[in-house]
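Enquirer: Attaching a predicted model along with its sequence, questions to come.
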Amino acid sequence: MIGLVGGMLAGAVAAPWLRGAAARHAVGYGEPSARCPGCGRGLQALPPTGRCRGCGTAVGARPATVELAAVAAGAAIGSAASWPIAPVLCWVALFGVVLGFVDVAVHRLPDALTLPLAVGTAVLLVAAGLLTQRTGALTRCLLGALLFLLVYGAMALAGPMGLGDAKLAPTLGALLAWYGWRTLFQGWLAGFLLAALWGVALLVTGRAKAKDPLPFGPCMLLGALLGVLASVG
């Protein structure tokens, strides 16, 4: 219970900066970071209303959505995290919330987010493995990252995935592999099932057509979270 409540509070505290980061990075390929369209102010921490603190212009995701996602992610991580993997889960969750909203907004997973996420995750996993002397787990993490890179990379080259998805994949593969091969498969499968359900829901409600692209990053991230939760549940 303490971890659950602590995670929710941490998510609520981080939410303004996550909202700001999501708004900054929700731009097209090669475009500079977004600024407030009303006053040109830089987008750092934003209130739950999603309005610029300088001029009140609405910016980024809908009000309260980032906050709810951050609190939910914090609650999930807080209930599942244990030493020494907790810092890794927190790191991935922080970037994951931002990446999810960016992908939904502009159908991109920018390098400015996926690459620091990958490097930080690798460093924290190595530290966790060395602290607990779980070298076997580190080897499995490396293999999991390579496997996800090959699978999603091949799908990106074939067309149904984006390169951003392929760049996010090794991070999630390494994280899932820490818990074992079964968790790796569960997280991978959950991502595709969520994407299928989301796509059907969009078609049924008339919010998308059959040929419209579907942002897959949020499904990958949520699938990985479900895989972790299933492993520790």
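Expert: Looks like it arrived, so ask away. Since we're looking at a predicted model, the values are computed, not measured.

Enquirer: Can you name the residues that contact L124?
Expert: Contacts here follow Cβ atoms under 8 Å, 6 or more residues apart in numbering; on that basis L124 touches 87-88, 91. All C-beta spots, glycine's among them, are computed from the backbone N, C-alpha and C.

Enquirer: for T57, same thing?
Expert: 36-39, 51.

Enquirer: mind redoing it with 7 Å?
Expert: 36-38, 51 (Cβ atoms under 7 Å, 6 or more residues apart in numbering).

Enquirer: Now tabulate the residues you listed in a markdown table and tack on distance to A156, secondary structure and pLDDT.
Expert: Listed next are these as a markdown table, based on distance: Cβ to Cβ, whole Å; DSSP: H, G, I helix; E, B strand; the rest coil; pLDDT from 0 to 100:
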| residue | distance to A156 | secondary structure | pLDDT |
| --- | --- | --- | --- |
| C36 | 33 | coil | 94 |
| P37 | 32 | coil | 92 |
| G38 | 37 | coil | 91 |
| R51 | 36 | strand | 94 |
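
Enquirer: pull the CA atoms of the strand or helix carrying V123 into CSV?
Expert: Using DSSP states H and E, V123 maps to helix 111-132. Taking C-alpha atoms only, helix 111-132 is exported to CSV below (Å, rounded to 0.1, in the frame of the first residue of the first chain):
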residue,chain,number,x,y,z
ASP,A,111,15.3,10.1,-30.9
ALA,A,112,15.5,12.9,-28.3
LEU,A,113,13.5,10.6,-26.1
THR,A,114,14.1,7.0,-27.2
LEU,A,115,17.9,7.3,-27.2
PRO,A,116,18.3,8.7,-23.6
LEU,A,117,15.7,6.2,-22.5
ALA,A,118,17.8,3.4,-23.9
VAL,A,119,21.1,4.6,-22.5
GLY,A,120,19.7,5.2,-19.0
THR,A,121,17.9,1.9,-18.9
ALA,A,122,21.1,0.1,-19.9
VAL,A,123,23.1,1.8,-17.2
LEU,A,124,20.5,1.2,-14.5
LEU,A,125,20.1,-2.5,-15.5
VAL,A,126,23.8,-3.1,-15.4
ALA,A,127,24.0,-1.4,-12.0
ALA,A,128,21.1,-3.6,-10.7
GLY,A,129,22.7,-6.7,-12.1
LEU,A,130,26.1,-6.0,-10.5
LEU,A,131,24.6,-5.0,-7.2
THR,A,132,22.8,-8.3,-7.0
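
Enquirer: Alright, that wraps it up for me.
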